[in-house]
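In: Return a 3D structure for these sequence lines:
(chains A, B and C)
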Amino acid sequence: MSKPAVKNHEPLFHVVKRPAIPTWQSLLIRAGAILAALIVAGLVTFFLTGLNPIDVYSTMIDGAIGTEKRIWNLLQGIALLLCVSLAVTPAFKMKFWNIGAEGQALMGGLAAALCMILLSDKLSPALLILVMFITSVVSGAVWALIPAIFKAKWNTNETLFTLMMNYIAIQIVSCFSFKYSVPKGSGSIGIINSISKAGWFPSVFDQKYFLNILIVVILTVLLYVYLKHSKHGYEIAVVGESENTAKYIGINVKKVIIRTMILSGALCGIAGLLMVAGTDHTIATDTVGGRGFTAIMVSWLAKFNPIMMFLTSFLLVFFEKGAIAISSEFDLNNSFSDIITGIIIFFIIGSEFFINYSIKFREKEEKRK
Amino acid sequence: MIVSFIQRAVMQGIPLLYGSTGEIITEKGGHLNLGIPGIMYVGAISGVIGAFFYEQSVETVNPILAVMIPLLSSVLGSFIMGLIYCVLTVTLHSNQNVTGLAMTTFGVGFGNFFGGSLIKLTNSDTPSIALVETSRCFKTALPFADKLGAIGELFFSYSFLAYSAIIIAILVTLFFNKTRAGLHLRAIGENPATADAAGINVNRYKYVSTCIGSIIAGLGGLYYVMDYADGIWSNNGFGDRGWLAIALVIFAVWRPNFSIIGSILFGGLLIAYNYIPNLSFEQVELIKMTPYVVTILVLIIISMRQKKENQPPASLGLSYFREER
Amino acid sequence: MGAPAIELKNITKTFGQIVANKDVCLTVNKGEILSVLGENGSGKTTLMNMISGIYYPDHGHIYIDGQEVLIRSPKDAFKYKIGMIHQHFKLVDVFSATENIVLGLKDEKNFSLKDSEKKIREITAQYGFELEPSKKIHEMSVSEKQTVEIIKVLYRGADILILDEPTAVLTPQETKKLFAVLRNMRDSGKAIIIITHKLHEVLSLSDRVSVLRKGEYIGTVNTAETNESELTEMMVGKKIELNIERTKVEETPDRLEIRNISCINREGVTLLNNVSFTARAGEILGIAGIAGSGQRELLESIAGLQKLNEGEILYHNPSTGYTENLRDKSPVKIKELGVRLSFVPEDRLGMGLVGNMDIIDNMLLRSYKKGKSAFLNRKNPKDLANKIIEDLEVVTPSAKTPVRRLSGGNVQKVLVGREIAASPTVLMVAYPVRGLDINSSYLIYNLLNKQKESGVAVIFVGEDLDVLIELCDRIMVINSGKITGIVDAETATKEEIGLLMTRNDGGESNE
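Out: Coordinates of the predicted model:
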């Protein structure tokens, strides 16, 4: 009897899903990824500018937190990014890919701006801000509700739908920028109510961004509590983990999808309000400035935990500010910060693999009988 | 005027066609690459960098090299972007949406950074990036175009990259429907476990299709800067065309041959305002919105009609891990 | 009958502690249909997976055409012309039959769907299949899909075909057609192995029958020389004493009355066919049947998860005395009516529990809605979690461990513990001891007995007949969505139940 040649066809290594690893290990892997990203970012900067790596980091640190004003700007940047990130989180936890935060925030901002333009001479300042708040929340929520209804009813692909909604929002804002442009036809609205400051968030302790930061801190805590300790938050988690279980215990999945998307959009609306009333005092197509997309990464990298999201948005904003400092020192383009952001995110998302999977190398083949 | 409208619409449509063809190949393999806008920027700037160094280094440009160098550097740039995306999403099973968005942030930043800083970085004495010579080589049209009147204008007045876009779209359609590899790729996008069980190397197909898709999309960026923009780089000049290309994928219900018509239609919508008299600025902006609205309508209609052939690839956006049950 | 096409000698396969196959010997000749008969969990599918290269045996030899071979992968199996038709089809929905059939092939010839279609038509004509090669899979009935799978294997030139429970999803008419085709294939010299547990099919189709029981090879008989009762006895074996105590409850009022319920799925397959029975308080009603005979649909329709086409589900409320019809009511609605219904589903981590949540949050699944507050109360669930961990001896680092990380037995204790804690009046459990060790199993039996003693109507879907006979008061047998009998567990025999599970009144058995 001829025995066929026994050849080992098993690959050199194979990948297996690991059950779960201790928190400290996963933190270590993430820290390692950030460190690696830092090194690569430093190297890239070195090759582009010739600046020695130590100086790269010190310029970055100086650019981000060098003066009190820079620290406030950093906090403000974190606040705005974090606010949008908070907004997308409930939807993501439900596994609803809302990548329309850019548009939802823009619609919220637009509503605020329109109130400032149209109602500033009709309402008292306090009432104006209240009306702005309500309209922003409603517009953001409506913008999120539209794709949610189609998702719940016909299972329309929400990723593509919300993505398209962004550009419709941008065009609507662009349309209004022409309608109310100052000077006429310039296509830009300019600072609204620059003299009366109607609808502007007031400065607190001489800090014009204090209110923004405070609001976002409050929202972070509220959202943390909502997701972790409220019945709604619990339903979101169950729907996101397993629709089958949700049905088994009698959760109305469609209702949860719609309710959560309204919340997500409403929070985006607040973010838009902060950008318009608390920051720019105008509206333009780039008011949200890509935060709607960056927020998705912030939320995802933080595993949808609002407290962790503070750290991830700190990381990204810190590098953004640092990179801008480097580019202005070397008379380079500001987009340098996007490159650095990209590198950091590549490393962190790549590191997730090593948290969720482990690589098993081929063991020495035992001799079979 | 109609002739010039269609001509301009085609020229507007070509970058979208490249982008959507590239994205369709990627999506057919089950990967939603939201990095396409970034990849198109990289494709454009890589070509610009290649051409810039070439123009700087020689006195008179050789037309063939002037085309080949930017073309190859563009292909290389988008290929590397495709590779990064594949390593992260195919090998490391990262979330496709997050990876794609990071690619776009990175790619757009990369394009704008080098577009804005190339001169400074190379200590060159030119005031701005204007690759007029290179662009002239890229724009060489068929010699007999102007002799054929309106027909010549309509069909033969474009540059070789424009024709390639259409040829590539047709070839990709044929690839999907008439070749074994096309069948295998579609199977992977629909049901990777079945494809795997049938002995198809799922990951290899995903790598190849995504990288080729990236290269094709990158050519759209190259066409834009070299042909449409006359070789003059302006930051964010490419705008949101990358997202429009993704919209076009849906509009064309994942069929590259439909994209050809769709791209011209989208291109026409982008410039229609120039040809409609007495429009206010506001109306112009609203007209620019129509491609997105139409796309959403298509998306809604295909989800309501539930016709299986028109759905997105069934495993779109999901990573495939064999041992997961 | 020809020479042996494939021979298995002393095949053994273990998974950890569990012996799936022990010293199994099988021979299939060319031009022969061999049935492999056995209950669920008897190791039939494991054995076939070793022939088709999905598993590799620990011990034993496989011979093809008299030559010893090693089958390490599906590719190897393909090389030896072995083709397996799995229970779960591996087909791409939006592709045509032809596209699915040629998928993955690497011919040197030019790729042409037209040529392939021609070849497919030749195969269909040769064996008498009914299939339109250009038809899309998603437009097909289940039996057409199965045809595609069979042709896929034939197209690749298989000479040895293995069919894993091919008739489980077919109507009697479709089964008839399939058998005609299989006979044609046998007559043309193919060797066919068919895994089944339907006796009448075995008798009408196969030439010989090999029987497995609990992983062991029992024997092979010629079909012509055997009968239903002999096969049943080989399949279920002698009664084994388990010493599960059965207590008697004096008062057993009717609690749940199922009247003529029927359920037809979207493909038009009848899942439940005019089912009627009564579940009584203080009694364990066992449900026996081959897996997939409608047990899941039955429990889910009572729990409000499955829409019915006909019939009613009546609940006699002991505290109010009213009778409610639960048909087509949602789980929430059922709860609002004051019906205390608990349900331990078959799919523990995919339905009954959330794997990524800890034990406390899984306790919350049933109770989170309680109270008017918008916020969760984790105090009671935490106490409950700790109580269950203590009472049922759940092995876990803490109550805050995600249940995904617990072992199968401990997962089940958590689930059963939670469902019992709701102090139900009706408790439905599906395969509650599947995958559990002996001690955990007995713990579950005791829990069920205690529930019964306290006046709960328990419905127990099980697979081990010995357990059903010792634990339950009555056993209802379900077969293809139909109730074929309700027997008294104290007097019933395994053979009697086995026959009810496998016998079919319609279709092929009349031949």
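In: quick one: contacts of stretch C:229-246?
Out: Applying C-beta atoms under 8 Å, 6 or more residues apart in numbering or on different chains, the external contacts of stretch C:229-246 come out as C:37-39, C:42, C:197, C:199, C:202-203, C:209, C:211, C:213-214, C:218-219, C:221, C:442, C:445, C:449, C:465-467, C:469-471, C:473, C:489-490, C:493-495, C:497-499, C:502. Using the backbone N, CA and C atoms, a C-beta is placed for each residue, glycine as well.
In: likewise stretch B:231-238?
Out: Residues outside stretch B:231-238 that contact it (C-beta under 8 Å, 6+ apart): A:333, A:335, B:15, B:40-41, B:44-45, B:48, B:51, B:108, B:111-112, B:115-116, B:128-136, B:138, B:221, B:224-225, B:229.
In: Can you pull out the low-pLDDT segments for the stretch 251-400 of chain C?
Out: C:267 (pLDDT under 70).
In: what's the residue nearest the centre of chain C sitting at in phi/psi?
Out: The centroid of chain C falls nearest to C:Ala291 when counting by C-alpha atoms, centre = their mean (2.7 Å). In terms of degrees, to the nearest 10, the main-chain angles of C:Ala291 are phi -60, psi 140.
In: Give me the nearest residue to the closest residue to chain C within chain B, chain neighbours excluded.
Out: Scanning chain B for the residue nearest chain C gives B:Ala198, at 2.9 Å (criterion: C-beta to the nearest C-beta). Excluding its sequence neighbours, the residue lying closest to B:Ala198 (C-beta to C-beta, 6 or more residues apart in numbering or on different chains) is C:Gly104, at 2.9 Å.
In: how near is the one you found to C:Val249?
Out: Going from C:Gly104 to C:Val249 by C-beta to C-beta, to the nearest Å gives 59 Å.
In: out of these two, which sits in the busier spot?
Out: Using other C-beta atoms under 10 Å in any protein chain shown as the criterion, C:Gly104 and C:Val249 rank with C:Gly104 on top: 20 against 16.
In: hey, where'd the helices end up in the stretch 51-200 of chain A?
Out: Counting by DSSP state H, counting those that start in this stretch, one finds helices in the stretch 51-200 of chain A at the ranges A:53-65, A:68-93, A:101-119, A:125-154, A:158-179.
In: and the shortest one, what's its mean pLDDT?
Out: Read that as helix A:53-65. Averaging pLDDT along helix A:53-65 gives 79.
In: ditto for the longest one
Out: Predicted confidence along helix A:125-154 averages 90 (mean pLDDT).
In: could you check whether it is close to chain B?
Out: Yes: judged by C-beta under 8 Å from any C-beta of the partner chain, helix A:125-154 comes into contact with chain B through A:Phe150, A:Trp154.
In: picking up where we left off before, mind checking which of the contacts of stretch B:231-238 land in helices?
Out: In this view, these that belong to helices under DSSP state H are B:15, B:40-41, B:44-45, B:48, B:51, B:108, B:111-112, B:115-116, B:132-136, B:138, B:221.
In: Where does the residue nearest the centre of chain A sit: helix, strand or coil?
Out: With distances taken as C-alpha atoms, centre = their mean, chain A has A:Ala295 as the residue nearest its mean C-alpha position (0.8 Å). Counting by DSSP: H, G, I helix; E, B strand; the rest coil, the backbone at A:Ala295 sits in helix.
In: Can you name the residues that contact it?
Out: The contact partners of A:Ala295, taken as C-beta under 8 Å, 6+ apart, are A:Leu81, A:Val84, A:Ser85, A:Ala87, A:Val88, A:Ala101.
In: For A:Lys95, give me its contacts.
Out: If you count contacts by C-beta under 8 Å, 6+ apart, A:Lys95 has them with A:Val239, A:Gly240.
In: rerun that using 7 Å as the cut-off
Out: Shown in contact with A:Lys95 (C-beta atoms under 7 Å, 6 or more residues apart in numbering or on different chains): A:Gly240.
In: re the thing from before, ok, the residue of chain B closest to chain C to chain A distance?
Out: Distance, B:Ala198 to chain A, by C-beta to the nearest C-beta, to the nearest Å: 18 Å.
In: mind checking pLDDT for that residue?
Out: Reading off the model, B:Ala198 has pLDDT 81.
In: so what's whatever residue of the stretch 251-400 of chain C ends up closest to chain A closest to, chain neighbours aside?
Out: Closest contact between the stretch 251-400 of chain C and chain A, by C-beta to the nearest C-beta, is at C:Pro331 (3.4 Å). Spatial nearest neighbour of C:Pro331, excluding adjacent residues (C-beta to C-beta, 6+ apart): A:Gly250 at 3.4 Å.
In: helix, strand or coil for the one you found?
Out: Put simply, A:Gly250 is coil when judged by three-state DSSP.
In: one step back: could you restrict the ones in helices among the contacts of stretch B:231-238 to the ones contacting chain A?
Out: B:Val108, B:Asn112, B:Gly116 (C-beta under 7 Å from any C-beta of the partner chain).
In: pretty sure the last one contacts A:Asn333?
Out: Yes: if you go by C-beta atoms under 7 Å, B:Gly116 and A:Asn333 touch, sitting 3.1 Å apart.
In: Identify the residue spatially nearest to B:Leu32, adjacent ones excluded.
Out: Leaving aside its sequence neighbours, B:Leu32 sits nearest to B:Gly317 (C-beta to C-beta, 6+ apart; 4.5 Å).
In: Specify the local secondary structure of the one you found.
Out: Using three-state DSSP, the structure places B:Gly317 in coil.
In: Is it possible to get a markdown table of the ones next to chain A among the ones in helices among the contacts of stretch B:231-238 that adds distance to chain C, pLDDT and neighbour count?
Out: Below are these laid out as a markdown table (distance: C-beta to the nearest C-beta, whole Å; pLDDT from 0 to 100; neighbours: other C-beta atoms under 10 Å in any protein chain shown):
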| residue | distance to chain C | pLDDT | neighbour count |
| --- | --- | --- | --- |
| B:Val108 | 34 | 89 | 27 |
| B:Asn112 | 40 | 85 | 24 |
| B:Gly116 | 45 | 77 | 21 |
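In: which among those gets closest to C:Gly128?
Out: Nearest to C:Gly128 among these is B:Val108, at 61.4 Å by C-beta to C-beta.
In: who's in contact with that closest one?
Out: With C-beta under 7 Å, 6+ apart, B:Val108 has these contacts: A:Asp338, B:Pro37, B:Gly38, B:Tyr41.
In: need those in a markdown table with neighbour count, secondary structure and distance to chain C, can you?
Out: Listed next are the contacts of B:Val108 as a markdown table, based on neighbours: other C-beta atoms under 10 Å in any protein chain shown; DSSP: H, G, I helix; E, B strand; the rest coil; distance: C-beta to the nearest C-beta, whole Å:
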| residue | neighbour count | secondary structure | distance to chain C |
| --- | --- | --- | --- |
| A:Asp338 | 25 | helix | 34 |
| B:Pro37 | 29 | helix | 28 |
| B:Gly38 | 31 | helix | 30 |
| B:Tyr41 | 33 | helix | 34 |
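In: pLDDT for these - can I get that in TSV?
Out: Formatted as TSV, the contacts of B:Val108 follow (pLDDT from 0 to 100):
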residue	pLDDT
A:Asp338	83
B:Pro37	91
B:Gly38	92
B:Tyr41	91
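In: And the helix or strand where C:Thr484 lies, what does it pack against?
Out: According to DSSP states H and E, C:Thr484 maps onto strand C:482-488. Strand C:482-488 sits against strand C:270-280, strand C:474-479, helix C:494-502, with contacts defined as 3 or more C-beta pairs under 7 Å, 6 or more residues apart in numbering or on different chains; DSSP states H and E.
In: my read: B:Ser159 touches B:Asp227, true?
Out: Yes: with contact defined as C-beta under 7 Å, B:Ser159 counts as touching B:Asp227 (5.1 Å).
In: buried sites along stretch A:47-59?
Out: For stretch A:47-59, a neighbour-count test (16 or more other C-beta atoms under 10 Å in any protein chain shown) marks A:Leu48, A:Thr49, A:Leu51, A:Asp55, A:Val56, A:Tyr57, A:Thr59 as buried.
In: Report the entries of these that also contact chain C.
Out: Of these, not one also sits near chain C (C-beta under 7 Å from any C-beta).
In: Of these, just say which sits nearest to chain C.
Out: A:Tyr57 (37.9 Å).
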